[in-house]
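S.K.: Below are the sequence and a predicted model for it; my questions follow.
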Amino acid sequence: MFQGASSLNLDAKGRMTVPARHRDALSLQCEGRITLTRHPDGCLLLFPRPTWEAHREKIAAWPIQARDWKRIFLGNASDVEMDGAGRILVAPELRTAVNMQRDVMLLGMGTHFEIWDAARLAENETKAIASGAPDALSNFSF
């Protein structure tokens, strides 16, 4: 399970270094084979390839009425390999699609990660807190 937030930087080539604590798990789980795709919330999703492949099959089976969503998830999917230094290349098309700048946040979401432009994530979280918790969380408590 992936969890936790990491503040990272993209280098001049658009590469991101995966933190060591996640790098080891990704190497064991999928030998560094990763898939990135776009999410409509304005971030990228990073999946270990076997996890993505299960999602890909489900998405491909969606009905024709969901073709726009298929394009978002499948049409933007990009297979990448983690190099020996633990870096992955974030394709320019994906960076542009989510307006990703140099400072990024990697958020562990259990089976996958979200990659956000740091400023955009901060803005989204501020809006979420200001609007309050959704009704679906009305019975949630720690």
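M.R.: Happy to help now that I have it. Not measured: the values here are computed from a predicted model.
S.K.: Take stretch 87-95, keep the C-alpha atoms, and write them as CSV.
M.R.: This file holds the C-alpha atoms of stretch 87-95, laid out as CSV (Å, rounded to 0.1, in the frame of the first residue of the first chain):
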residue,chain,number,x,y,z
ARG,A,87,13.6,8.4,-12.1
ILE,A,88,10.6,8.3,-14.4
LEU,A,89,10.0,10.6,-17.3
VAL,A,90,6.7,12.4,-17.3
ALA,A,91,5.8,13.0,-21.0
PRO,A,92,5.5,16.6,-22.1
GLU,A,93,1.9,15.9,-23.2
LEU,A,94,0.9,14.8,-19.8
ARG,A,95,2.7,17.7,-18.0
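S.K.: can you list contacts of that stretch?
M.R.: 10-11, 13-18, 34, 36-38, 44, 46, 76, 78, 80-82, 100, 115 (Cβ atoms under 8 Å, 6 or more residues apart in numbering). To be clear about C-beta, it is placed using only N, CA and C from the backbone, and glycine gets the same treatment.
S.K.: right, and the helix or strand after the helix or strand that contains residue 50?
M.R.: Residue 50 is part of helix 49-60, with elements assigned from DSSP states H and E. Next along the chain after helix 49-60, taking DSSP H and E as the criterion, comes helix 67-73.
S.K.: Can you name the next helix or strand after the lowest-mean-pLDDT helix or strand in the chain?
M.R.: Lowest by mean pLDDT, DSSP states H and E among the helices and strands of the chain is helix 20-30, with a mean of 92. The first helix or strand that comes after helix 20-30 along the chain, using DSSP H and E, is strand 33-39.
S.K.: Kind regards, and thank you for your time.
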